[in-house]
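Participant: Sequence first, predicted coordinates after that:
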Amino acid sequence: MSDDAPQFDYIFITHALCWIHEMRHYKLIETKYPENAIRLNNFISRCWTFYRIIKISQKNLTEKRSRLVLNIFNLLFWK
């Protein structure tokens, strides 16, 4: 298994990405309707905000912050 780097296409059968690497594919989506473009851009923006929260929380992780990060993740990706 590898990440999505093209040099691994003929070596590995399965590629797996963490969610932050998956985000680069969302930037490639072309929408037909303006309201969908707004929704997509808002989602991407929320994901990058979440990433910044993770980076800040990482420095001084507590049980409470850990639950907050998990809750935000679930709201973003399992809503």
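Facilitator: Yep, it's here.
Participant: Following element in sequence after the helix ranked longest in the chain, please.
Facilitator: Once the chain is assigned using DSSP state H, the helix that runs over the most residues is helix 34-59. Beyond helix 34-59 on the C-terminal side, the first helix or strand identified by DSSP states H and E is helix 63-77.
Participant: quick one: that next one to helix 34-59, angle?
Facilitator: Angle, helix 63-77 to helix 34-59, by axes from the mean of the first three to the mean of the last three Cα atoms, to 10 degrees: 160 degrees.
Participant: Check which helices and strands helix 63-77 sits against.
Facilitator: Under the contact criterion of 3 or more Cβ pairs under 8 Å, 6 or more residues apart in numbering; DSSP states H and E, helix 63-77 touches helix 34-59. Glycine gets a C-beta too; all of them are placed from N, C-alpha and C.
Participant: Tell me the buried residues in the helix it packs on?
Facilitator: By neighbour count, with 16 or more other Cβ atoms under 10 Å as the criterion, the buried positions of helix 34-59 are 47, 50, 57.
Participant: Ok, stretch 59-70 next?
Facilitator: Taking 16+ other Cβ under 10 Å as the criterion, stretch 59-70 shows 65, 69 as buried.
Participant: what residues does that stretch touch?
Facilitator: By Cβ atoms under 8 Å, 6 or more residues apart in numbering, the residues outside stretch 59-70 that reach it are 53, 54, 57.
Participant: Output those residues as a markdown table; include the columns pLDDT and distance to residue 40.
Facilitator: Listed next are these as a markdown table, based on pLDDT from 0 to 100; distance: Cβ to Cβ, whole Å:
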| residue | pLDDT | distance to residue 40 |
| --- | --- | --- |
| 53 | 90 | 20 |
| 54 | 88 | 21 |
| 57 | 87 | 26 |
